[in-house]
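Undergrad: sequence? don't have it. structure:
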Ligand SMILES: [Zn+2]
């Protein structure tokens, strides 16, 4: 009987089992890549891949942020099974960003492996949560795999973001929310708009991703920073969501005179939207995360009920220890 081999490689992992070789979130010559989503830390050397399997959302968001689309790609939908050299590969919603995917890999002898990519077990406004499926082997991210990363409820975090925005606006200050351009920026925009707060998107990258969300059914009515209405909006009071405060400031300087742009920039109050705003990385902001927190990771692993768990990302070693305490056989990939 073959043994399953998992080795870290570039931005991902190479899986080998018998004659099967798959690259997970990395490009390797002679192998098919399973691409979980298009964040920069998951898309290394896709040009080397024989072919890349991913959802339309993943390829669209990759392209929207300037990524080169792999020439040989297989577009899959959630719950759709692709048969590749006798292996059944099923794409499953990961709840992390638009198009994000976990892959269930079923080998000819019946062994089932689940690769999570990055995933979130909590519903966000624009992404449905990931749900566990049974597998013999779980290959899971462990980004927040320590008990110091337990997030408040999504509703509470949403309320705190809206409150901070409303309070800033009442003081004549424009709240500036700093969030990744893919995923969290769109959730922040949707949240603020639902609560009656106008939103300017602070840089080009967010706008391009918002267009993709719109094509996929989420119409985010943000106003681009380059719009002629931005001056009025900022004076009347609006929130700004940006993934690059530096670019936002550059745009403002280009659009307004030196004095006016200085006054506008001075009237902005920055907040960070990230899980890292908790704990030792504490900074002004809110723990709006596209990842599962510690308890979410733990419950998910128990739900998969695997014989063995392999953990990757930061905190893999620590999370493996916690999984072992919970009775699971866990190994960090290092
Ligand atoms: Zn990610």
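TA: The structure has been received and is ready for your questions. Everything numeric in this text was worked out from a predicted model, so none of it was measured.
Undergrad: for the stretch 1-150 of the chain, which segments count as strands?
TA: 4-9, 12-17, 20-24, 32-34, 51-55, 73-76, 81-84, 87-93, 101-106, 112-115, 137-141 (DSSP state E, counting those that start in this stretch).
Undergrad: ok, and the closest non-adjacent residue to whatever residue of the stretch 101-250 of the chain ends up closest to the ion?
TA: Using Cβ to the ion, the single residue of the stretch 101-250 of the chain nearest to the ion is residue 118, 3.7 Å away. C-beta: built from backbone N, CA, C; applies to glycine. Using Cβ to Cβ, 6 or more residues apart in numbering and skipping residues adjacent in sequence, the residue nearest residue 118 is residue 96, 4.5 Å away.
Undergrad: so that neighbour sits against residue 127, correct?
TA: Yes: here residue 96 reaches residue 127: they are 7.0 Å apart, a contact under Cβ atoms under 8 Å.
Undergrad: give me the common contacts of these two.
TA: 120, 183, 290 (Cβ atoms under 8 Å, 6 or more residues apart in numbering).
Undergrad: of all the strands of the stretch 1-150 of the chain, which lies closest to residue 160?
TA: Comparing the strands of the stretch 1-150 of the chain against residue 160 with Cβ to Cβ, the closest turns out to be strand 137-141 (25.6 Å).
Undergrad: now do that closest one: which elements does it pack against?
TA: Strand 137-141 sits against strand 112-115, helix 294-304, strand 308-312, with contacts defined as 3 or more Cβ pairs under 8 Å, 6 or more residues apart in numbering; DSSP states H and E.
Undergrad: please name every helix or strand in contact with the helix or strand just after it.
TA: Per DSSP states H and E, the first helix or strand lying C-terminal to strand 137-141 is helix 154-170. Secondary-structure packing of helix 154-170 (3+ Cβ pairs under 8 Å, 6+ apart): strand 174-178, helix 184-194, strand 239-242, strand 268-273, strand 285-286.
Undergrad: export the strands of the stretch 1-150 of the chain to TSV and tack on mean pLDDT and mean neighbour count?
TA: Below are those laid out as TSV (pLDDT from 0 to 100; neighbours: other Cβ atoms under 10 Å):
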stretch	mean pLDDT	mean neighbour count
strand 4-9	96	15
strand 12-17	98	20
strand 20-24	97	22
strand 32-34	98	27
strand 51-55	98	23
strand 73-76	97	18
strand 81-84	96	13
strand 87-93	98	20
strand 101-106	98	24
strand 112-115	98	24
strand 137-141	98	26
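Undergrad: in a markdown table: those strands, plus distance to the ion.
TA: What follows is these, written out as a markdown table (distance: least, Cβ to the ion, whole Å):
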| stretch | distance to the ion |
| --- | --- |
| strand 4-9 | 17 |
| strand 12-17 | 12 |
| strand 20-24 | 13 |
| strand 32-34 | 15 |
| strand 51-55 | 13 |
| strand 73-76 | 18 |
| strand 81-84 | 22 |
| strand 87-93 | 14 |
| strand 101-106 | 11 |
| strand 112-115 | 14 |
| strand 137-141 | 8 |
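Undergrad: TSV for those, including distance to residue 179?
TA: Below are the strands of the stretch 1-150 of the chain laid out as TSV (distance: least, Cβ to Cβ, whole Å):
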stretch	distance to residue 179
strand 4-9	28
strand 12-17	24
strand 20-24	26
strand 32-34	27
strand 51-55	22
strand 73-76	27
strand 81-84	33
strand 87-93	21
strand 101-106	22
strand 112-115	26
strand 137-141	19
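Undergrad: show me the one of those strands that comes nearest residue 309.
TA: strand 137-141 (4.5 Å).
Undergrad: what sits up against the closest one?
TA: 4, 6, 13, 15, 24, 111-119, 291, 297, 300-301, 304, 306-313, 333.
Undergrad: got it, and stretch 327-334?
TA: 6-8, 13, 139, 142, 301-302, 306-312, 316-317, 319-321, 323-324.
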